[in-house]
Every structure is written in C-alpha cells, then in structure tokens.
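**Q** turn this into a structure:
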Amino acid sequence: MLTVPRVTPLPYLRCLYPLILLLSALSGRAAPAPDLPTAWNDIADSKAKLALVKLGRADTSDRAVQLARATASLDDQPVSDGDLRRAEATFAQLAQGHDELAEQAAYLQARVWQIHLAQPDYARAAELYRALAERNPRSHWAQLGLVKLALVQLYALPDPADPAARLAGAAALLSRVTEPTLQRDLQLQLGQAGIFYKQPLPSIIAHLVAADRIGGTPGAAGEDLILQIGELSLRAGDYATSRAYFERYLRDYEVNPRCFTVKEKLQQIAAHEAAAKGGRP
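**A** Numbering: from 1, shown residues only. Here you go, the predicted structure:
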C-alpha cells in the first residue's frame, strides 16, 4: 500500500499565512454562490456529504444556505444527537421568519423530533406540526405537516388508547388538508391504519377508494391499492366493487403474473353471485 507522508509546512510558509489572509480580504472576492438546486438534489439522493462540500464556502448569513446546510447535516453520517440538535436549533431560528423558507424550516424542525433523534419526542413533534398548521394552514409545508401529524396520532402518541378514537382524530384532519396528493396520502394512511387496528371493513374500504379516486398513487403502490380494494371488498361481500377493481387490474396489468390469482378471485365472485341468485348459502 502506498503511504503518503504527512507534509508539515516550512517555517517561512507559516509566516506567509497572515499575508495570504490579508490579501484575500483585500481582494474583495466572496466565495462563489452555491448552486442550491443541485445541493438539494444531492440531499434528496442521500448524498449529504457532497451537498455539504458544495455549501461549505457559501455565505453563512444566507438563510437559504443555512436551511440547506442544516438539512444536509441530518444525514451526514456518522451523525450524533449533538449534530441533530444543532440542526434543530437552526431550523427553530429560521422558522421565526414570515416566508415559505420559515415554513419549511418549521416542518423540518418537527421532523427532527419525530424521526431523527435517537429518542424521538412525538409530543413535541405534534406540537410543532399543529403550530405550523395554525400559522398558515394553506401552506404546502403546513399541509404536509398535517399528514405527518396524522401518523403521529395514529401510532406514536399514548392517547387516545382506543383505536377507533385514534382513527377518528386523524380523520378529523381530512377537512384541513386541501392539496389533492396530500389528501390522497392521508386517506391511504387511514385505510392502512384501519387494517392495522382491525377496524370494520366498510370504513377501511371507504378510505382506500377515496384515495384511489384522487389518483396518482405511484408505482407498485398504485397496483397494490387496486388489489387491496378488490380483496377487501370481496371479504366484505361487496361483489360489485370487488369485481370492478379486479377487472380493472386485468386491464391495467395484463402481463403481471398476479393476473392468474385475480382471475381466480373473479371466479369466486361469480360463484358467490350465482349462489345468491339460487338462494343457496
């Protein structure tokens, strides 16, 4: 293995450092402005270190740079609780503004308490999501925060203990979420929580169908949603809905191997419907 020796600056070079710094200051050259969109793309692609390198020489008084740098630090492995708390403090400071950046910072502050710390504080996260929604309920970040608040209420907070009450509390947020895609996501959460808590099938199906009607469920999740509604409707005895969703699956995913099972489900529906017409159980 090639070992690169550590080079110690010569004494006369050390003497030049103050002069170099002075000349840099007198030159009036500021660090180049960072490409924030590229840095955010790096953050989204889990390339936190690369984003921080790009942001490293940027003006630290720029609020947008502060926000990007704090966000990147959340995933700059290895990350400690101390790092996370410093990022949270930055978000808290930036959230004191009155613009969209402040709303994004407030949302990220809540996320630190919800998912990033080794010991999450779900009550604190819920408090911050509620405060953001009260401040500007139509903001995208407030709306997104309400969807996250629903998750906290459904699974993380100790009260209410009754599953039906948990679901009712989260469902009450539906009227406050007006962005279609976020409304869809909340409906999906309610449907999946209903399955988790073994709630009555009609209420579960209603939430899943509402999500499907909004549309846009991405990738495999959209495919699974069609099958899930078909299967749950079959179990609930709603053969018309079950048939509609299974037939839709055959149209939309005709080359998928699961079509064989779907065709068997349609045969079951036909048998149930024939038995009902013949008066047999």
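
**Q** which residues touch the residue nearest to Gln77 when sequence neighbours are not counted?
**A** In this structure, Gln77 finds its nearest non-sequential neighbour in Ala48, 7.5 Å apart by Cβ to Cβ, 6 or more residues apart in numbering. For every residue, glycine as well, the C-beta is placed using N, CA and C. Going by Cβ atoms under 8 Å, 6 or more residues apart in numbering, Ala48 touches Asp42, Ala72, Ser73, Leu74, Asp75, Asp76, Gln77.

**Q** can you tell me which of those are buried?
**A** Neighbour-count burial (16 or more other Cβ atoms under 10 Å) applied to the contacts of Ala48 gives Asp42, Ala72, Ser73, Leu74.

**Q** the helices in the stretch 101-250 of the chain, which residues?
**A** 122-135, 140-151, 163-171, 180-196, 201-214, 219-236, 239-252 (DSSP state H, counting those that start in this stretch).

**Q** just those: most buried one?
**A** helix 140-151 (a mean of 22; mean count of other Cβ atoms under 10 Å).

**Q** now do that helix: which elements does it pack against?
**A** Applying 3 or more Cβ pairs under 8 Å, 6 or more residues apart in numbering; DSSP states H and E, we find helix 140-151 packed against helix 100-111, helix 122-135, helix 180-196.

**Q** could the ones you listed go into a markdown table alongside distance to Gly230 and mean pLDDT?
**A** Converted to a markdown table, the helices and strands packed on helix 140-151 look like this (distance: least, Cβ to Cβ, whole Å; pLDDT from 0 to 100):
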| stretch | distance to Gly230 | mean pLDDT |
| --- | --- | --- |
| helix 100-111 | 35 | 97 |
| helix 122-135 | 34 | 97 |
| helix 180-196 | 14 | 98 |
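
**Q** let me have the ones you listed in JSON lines, extended by distance to Arg251.
**A** Shown next, in JSON lines, are the helices and strands packed on helix 140-151 (distance: least, Cβ to Cβ, whole Å):
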{"stretch": "helix 100-111", "distance to Arg251": "39"}
{"stretch": "helix 122-135", "distance to Arg251": "40"}
{"stretch": "helix 180-196", "distance to Arg251": "21"}
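
**Q** right, and the ones you listed - which one's nearest Thr60?
**A** Within the helices and strands packed on helix 140-151, the stretch nearest Thr60 is helix 100-111; the backing value is 15.2 Å (Cβ to Cβ).

**Q** below-threshold pLDDT in the stretch 51-200 of the chain: ranges please.
**A** 57-59 (pLDDT under 70).

**Q** show me the contacts for Gly241.
**A** Small correction: residue 241 is Thr, not Gly. Counting by Cβ under 8 Å, 6+ apart, Thr241 makes contact with Ile205, Val209, Ile229, Gly230, Ser233.

**Q** count of residues packed around the residue lying closest to Tyr122 once chain neighbours are set aside?
**A** Using Cβ to Cβ, 6+ apart and skipping the chain neighbours, the partner closest in space to Tyr122 is Ala156 (4.1 Å). Burial of Ala156 is recorded as 13 neighbouring residues (other Cβ atoms under 10 Å).

**Q** contacting residues around Ala156?
**A** If you count contacts by Cβ under 8 Å, 6+ apart, then Ala156 has Gln114, Pro120, Tyr122 around it.

**Q** with just CA atoms, put stretch 117-131 into CSV.
**A** C-alpha atoms of stretch 117-131 as CSV (Å, rounded to 0.1, in the frame of the first residue of the first chain):
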residue,chain,number,x,y,z
LEU,A,117,-33.3,11.8,17.3
ALA,A,118,-32.3,8.5,19.0
GLN,A,119,-35.1,9.2,21.4
PRO,A,120,-37.9,10.8,19.5
ASP,A,121,-40.3,13.3,21.2
TYR,A,122,-43.6,12.6,19.5
ALA,A,123,-45.5,15.1,21.6
ARG,A,124,-43.1,17.9,20.7
ALA,A,125,-43.3,16.9,17.0
ALA,A,126,-47.1,17.0,17.2
GLU,A,127,-47.0,20.4,18.9
LEU,A,128,-44.8,21.8,16.2
TYR,A,129,-47.0,20.4,13.4
ARG,A,130,-50.1,21.9,15.0
ALA,A,131,-48.4,25.3,15.4
